[in-house]
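Novice: got a predicted structure plus its sequence, pasted below:
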Amino acid sequence: MIDESLGDYEETTENIRGSSEVDEKLAEDFGEMDPQLFVALSSRWRKENGSLAFGIEKRQLRNKTGLTLMELETLLEEFGKKVKRIGLELISYVDNNQEWYCLRSIFVVPNELSLDEQAVLGTIIFLIEKKTDRRRREETPITSTELIERLVKRGYYSEYTLTKILRILDNSGYVRRGGNKIRYGSRTKIEISSERRKEIAERTEGMLL
Amino acid sequence: MSGAYLEIETKRHRQLDSRVYHSLTKMQRTRDAKVALEGTTEKDRLRMISWEVKVRLQPIIFTAGDSTIEMDIFNLHEPGSDVRIIEGTSQELLIEDNILDGNGIAIIDDLPLRKLTKDQKAKLKREIIEKFGEKVFTKEDFDSKLTSLYADLISLMVREKQIIIVKQQNNRFKLISVEHEDEIDFENLESQSLVITPRMVQLQNATIRRRSKKQ
């Protein structure tokens, strides 16, 4: 029993030494690390294909900092604990087979979408959730014709306005459009969890008479 | 609970029963929603949907505006392939084009404008004519051989009337320099635009299309 707890103690001190060495090395190279990480994780970029990328890619973070996988994960875990105090959480997501990190609010706070953009997103969520087979994990895309059927033919928006809103949602990463198909963008998946998407679908059912 | 329920013994009966109850509640809910929505305008209903989204959305946090810290601190461009302003040979131009090929992220605002001298332009134009002149391509073929720089220059050369792109049958076309323009039957040509897609860049070129003989 005593041996075991001693072993644990030694391991912990080793870990602390390891991470403090890492901190020193990073501070030497980049100055104070936390602000740098905050800037990188809360930045947004436009990719070459026009879609929005948010946060920073793991590979780039490793390349630049020169940390091992383990060290990087420890660094981010520590950083995650710190940002939690100000109501943020560190999220990792996979885009195009690459792992990315970004910061998300723990709470529901005002978002940057307008009323109409939120309404169209809500309708898309409703249509996709309705169409998706619950037994399968991957969601089924909807066609823009289905959306037009709901929103244009029933007199909510003109086709021009709807197209404009869809373009904004696409540009800001909420939906992905390919040909006639509309899918969730990675931002929708990050910002609205799958349970909440189902809730939205349930609550909005029948609202668009 | 009805006495009939006690008679239901098999699993299948229970499943059927629960499905009926499920669809009944669903029907009831839809009917309630419809009753509740009576007298609402389209705007009201959109507002309700947007509210459902709004109260469930945990946004990703962005810092807006320019930062005091250099944004490329984590080397978002691949190491070793920094964007350089071109002053040297055309070899360098090709190296720079290559960084636009990958799936990596380029901050387009940060790419410097290319400035070519007259000599460099002339040299590249000669290269284009050597590479593409008097040859027949399909559009896909042509697109895959184009870099954005070539596309820019071809566009320029068409505007300056140094080359003519003639569309032929079977969706093939030919790039002809003006010195060989006597090969073209101008009486049977019509003007049209053709979109060429060099990898990621889309450009519009003024081209001349041969009217089909049937017309």
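Specialist: Noted; the coordinates are in hand. Numbers count the residues shown, from 1 in each chain, chains lettered A, B, ... in the order given.

Novice: all helices of the chain, in order?
Specialist: In the absence of a named chain, this looks at chain A. A:2-30, A:33-41, A:58-65, A:69-84, A:115-131, A:144-151, A:159-171, A:186-191, A:194-204 (DSSP state H).

Novice: not quite, I wanted chain B
Specialist: B:3-7, B:11-37, B:42-54, B:90-98, B:118-132, B:139-145, B:148-159.

Novice: right, is the longest one up against chain A?
Specialist: Yes - using CB under 8 Å from any CB of the partner chain, we find that helix B:11-37 touches chain A at B:29-30, B:33-34, B:37. The way it works is simple: take the backbone N, C-alpha and C, and place the C-beta from them, glycine included.

Novice: so where is chain B shaky, pLDDT-wise?
Specialist: Counting by pLDDT under 70, chain B contains low-confidence ranges at B:1-9, B:64-115, B:169, B:185-215.

Novice: that older thread, looking at the helices of chain A, which is buried most?
Specialist: Stretch with highest mean neighbour count among the helices of chain A: helix A:115-131 (a mean of 23; mean count of other CB atoms under 10 Å in any protein chain shown).

Novice: please convert the helices of chain B to CSV, extending it with distance to residue B:171.
Specialist: Output for these, formatted as CSV (distance: least, CB to CB, whole Å):
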stretch, distance to residue B:171
helix B:3-7, 70
helix B:11-37, 52
helix B:42-54, 45
helix B:90-98, 27
helix B:118-132, 17
helix B:139-145, 6
helix B:148-159, 18
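
Novice: nearest to residue A:42, out of these?
Specialist: Taking CB to CB, helix B:42-54 is the member of the helices of chain B nearest to residue A:42, at 21.6 Å.

Novice: hang on, the earlier thing: now the helices of chain A in TSV, with mean pLDDT and distance to chain B?
Specialist: Shown next, in TSV, are the helices of chain A (pLDDT from 0 to 100; distance: least, CB to the nearest CB, whole Å):
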stretch	mean pLDDT	distance to chain B
helix A:2-30	53	7
helix A:33-41	83	5
helix A:58-65	83	4
helix A:69-84	88	9
helix A:115-131	93	4
helix A:144-151	91	9
helix A:159-171	92	11
helix A:186-191	91	5
helix A:194-204	90	4
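
Novice: rewinding a little: columns neighbour count on top of the residues of helix B:11-37 next to chain A, output as TSV?
Specialist: Below are the residues of helix B:11-37 next to chain A laid out as TSV (neighbours: other CB atoms under 10 Å in any protein chain shown):
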residue	neighbour count
B:29	13
B:30	12
B:33	15
B:34	12
B:37	15
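
Novice: need the max-distance pair from those.
Specialist: In the residues of helix B:11-37 next to chain A, two members sit farther apart than any others by CB to CB. They are B:29 and B:37, at 12.3 Å.

Novice: which residues do these two both contact?
Specialist: Common neighbours of residue B:29 and residue B:37 (criterion: CB atoms under 8 Å, 6 or more residues apart in numbering or on different chains): residue A:206.

Novice: distance-wise, check residue B:179 relative to residue B:129.
Specialist: Separation of residue B:179 from residue B:129 (CB to CB, to the nearest Å): 9 Å.

Novice: who has more neighbours, these two?
Specialist: residue B:129 (17 against 10; other CB atoms under 10 Å in any protein chain shown).

Novice: which ones are touching the more buried one?
Specialist: Counting by CB under 8 Å, 6+ apart, residue B:129 touches B:163, B:175, B:177.

Novice: among these, find me the one that's closest to chain A.
Specialist: Distances from chain A to the contacts of residue B:129, taken as CB to the nearest CB, are shortest for residue B:175 (26.9 Å).

Novice: burial of that closest one, as a residue count?
Specialist: When neighbours are defined as other CB under 10 Å, residue B:175 has 22 of them.

Novice: you'd agree it is up against residue B:136?
Specialist: No - between residue B:175 and residue B:136 there is no contact under CB atoms under 8 Å: 9.1 Å.

Novice: returning to that earlier point: so which of the helices of chain A comes closest to residue A:109?
Specialist: Comparing these by CB to CB, helix A:186-191 comes nearest, at 10.7 Å.

Novice: what helices or strands is that closest one leaning on?
Specialist: Packing partners of helix A:186-191 (3 or more CB pairs under 8 Å, 6 or more residues apart in numbering or on different chains; DSSP states H and E): strand A:88-95, strand A:98-105.

Novice: give me the angle between the last one and strand A:88-95.
Specialist: Interaxial angle, strand A:98-105 versus strand A:88-95 (axes from the mean of the first three to the mean of the last three CA atoms, to 10 degrees): 150 degrees.

Novice: so which elements touch strand A:98-105?
Specialist: Against strand A:98-105 (3+ CB pairs under 8 Å, 6+ apart) you get helix A:33-41, strand A:52-54, strand A:56-57, helix A:58-65, strand A:88-95, helix A:186-191.

Novice: which of the helices and strands packed on helix A:186-191 is buried the deepest?
Specialist: Counting by mean count of other CB under 10 Å, strand A:98-105 has the highest mean neighbour count of the helices and strands packed on helix A:186-191, with a mean of 20.

Novice: quick one: residues in contact with that one.
Specialist: Contacts to strand A:98-105, defined as CB under 8 Å, 6+ apart, come from residues A:38, A:41-42, A:53-59, A:61, A:76, A:83, A:87-94, A:190-191, B:58-61.

Novice: same thing but at 6 Å, please
Specialist: Identification of contacts with strand A:98-105 by CB atoms under 6 Å, 6 or more residues apart in numbering or on different chains yields A:41-42, A:54-58, A:88-89, A:91-93, B:58-61.

Novice: check stretch B:37-55 too.
Specialist: With CB under 6 Å, 6+ apart as the criterion, stretch B:37-55 contacts A:108, A:115, A:118-119, A:121-122, A:156, A:200, A:203-204, A:207.

Novice: could you identify the most distant pair in these?
Specialist: Longest span within the contacts of stretch B:37-55, CB to CB: A:108 and A:156, 25.0 Å.

Novice: neighbour count winner among the two?
Specialist: residue A:156 (20 against 14).

Novice: tell me who's in contact with the more buried one.
Specialist: By CB under 6 Å, 6+ apart, the contact set of residue A:156 is residue B:42.
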